[in-house]
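**Q** Sharing a sequence plus its predicted fold:
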Amino acid sequence: MSLTLTDVRLVYPDGDRELVALDEVSLHVPDGTLTAVVGPSGSGKSSLLAVAATLVRPRAGRILVGDTDAGALSDAARTRLRLNRVGIVFQQPNLLPSLTAVEQLQVTDRMRGGASRPDHAERLLATVGLKDRLRSRPHQLSGGERQRVNIARALMGAPEVLLVDEPTSALDEHRGAQIVDLLADLTRHHGLATVLVTHDSRHLDRADRVATMHDGRLTPP
Ligand SMILES: Nc1ncnc2c1ncn2[C@@H]1O[C@H](COP(=O)(O)OP(=O)(O)OP(=O)(O)O)[C@@H](O)[C@H]1O
């Protein structure tokens, strides 16, 4: 399923004034494709992800996850949409220190209120190259491996949309390239509509499309 943003405007209060974080932003990400979003600090990249993740309601514009208009949903329905159809990979893996890799993924089953699926967790961890690390805890994993757990965890709910914020910022060039390769492969294999926010222009050749944020505007639109 695709992700479509149309004429999105997001405004934050700024003292007596308002700060326009997203200014008429439109973006269409077909399923099975990866769009990289680059741009300077403060240009609105994280705001774009927050809106696409339905974490923040824009002042104007439309967000479609597949055919579902997120703006038309109640807050409870948006939370369900986010849990079931959107995967989010934050910059910091935020893994729980005492849990093994498999258990990190199983936590999301519990959050979703469903049965725990250790087999599914193990399969996903194998997919991201961690089949020998299933019982490892975060301190036993490298930065790149922790980021792989983070990515596998985001796929537990079989999302249609994958939103990824700066996944390579803590990694060296080689490991960063491996993570972007992995995201591109997962995007194709699972038919995801993926948005990858990155400062890192080194890995953009793996993206199907590169868009640039500048002062809240996205080009090409
Ligand atoms: N919760 C908030 N309240 C008020 N202003 C905010 C808030 N979040 C972001 N902003 C402002 O909105 C603008 C866009 O910020 P955003 O974090 O989306 O940019 P960014 O491109 O992700 O930056 P970075 O690369 O540094 O993370 C900035 O001017 C920022 O200061």
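**A** That came through fine. Note that this is a predicted model, so its numbers are computed, not measured.
**Q** Give the other helices and strands that the lengthiest helix in the chain contacts.
**A** Ranked by residue count, the top helix of the chain under DSSP state H comes out as helix 173-190. Here helix 173-190 is seen to pack against strand 33-38, helix 143-154, strand 161-165, strand 193-197 when contacts are counted using 3 or more CB pairs under 8 Å, 6 or more residues apart in numbering; DSSP states H and E. (Each C-beta comes from the backbone N, C-alpha and C, glycine too.)
**Q** quick one, which of these is nearest to Gln106?
**A** Distance to Gln106, taken as CB to CB, is lowest for helix 143-154 among these, at 9.5 Å.
**Q** tell me which strands and helices the closest one is in contact with?
**A** Helices and strands touching helix 143-154, by 3+ CB pairs under 8 Å, 6+ apart, are strand 86-89, helix 101-112, helix 118-127, helix 173-190.
**Q** Might you enumerate the residues of the chain proximal to the ligand?
**A** Applying CB under 6 Å from any ligand atom, we find that the chain lies next to the ligand at Tyr12, Leu19, Ala21, Gly39, Ser41, Gly42, Ser43, Gly44, Lys45, Ser46, Ser47, Met213.
**Q** Gln140 and the ligand, how far apart?
**A** According to CB to the nearest ligand atom, to the nearest Å, Gln140 stands 30 Å off from the ligand.
**Q** For that residue, grab phi and psi.
**A** Backbone geometry at Gln140, expressed as degrees, to the nearest 10, gives phi -90, psi 0.
**Q** now do Leu171
**A** Torsion angles at Leu171 (phi, psi; degrees, to the nearest 10) stand at phi -110, psi 150.
**Q** residues in contact with it?
**A** Listed by CB atoms under 8 Å, 6 or more residues apart in numbering, the contact set of Leu171 reads Gly143, Gly144, Gln147, Ile179.
**Q** rerun at 6 Å
**A** Leu171 makes contacts with Gly143, Gly144, as judged by CB atoms under 6 Å, 6 or more residues apart in numbering.
**Q** Please apply the same query to Gly44.
**A** Residues in contact with Gly44 (CB under 6 Å, 6+ apart) are Ala21, Leu22, Met213, Gly216.
**Q** May I ask which two of these are separated the most?
**A** Put simply, by CB to CB the two of the contacts of Gly44 set farthest apart are Ala21 and Met213, 9.9 Å from each other.
**Q** out of these two, which sits in the busier spot?
**A** Neighbours of Ala21 and Met213, each counted by other CB atoms under 10 Å, are more numerous for Ala21; the result is 27 against 24.
**Q** in a strand, that's where that one is, yeah?
**A** Yes. Remark: Ala21 belongs to a strand, assigned using DSSP: H, G, I helix; E, B strand; the rest coil.
**Q** Let me know whether it touches Val8 as I believe.
**A** No. Under the criterion of CB atoms under 6 Å, Ala21 lies out of contact with Val8, with a separation of 9.9 Å.
**Q** Please name the bridge partners of the spatially most central residue of the chain.
**A** In the chain, the C-alpha closest to the average C-alpha coordinate belongs to Leu163, at a distance of 1.8 Å (CA atoms, centre = their mean). Taking DSSP bridges, one obtains Ile88, Val195 as the residues bridged to Leu163.
**Q** quick one: it and Ser136, what's the gap?
**A** Here Leu163 is placed at a distance of 26 Å from Ser136 (CB to CB, to the nearest Å).
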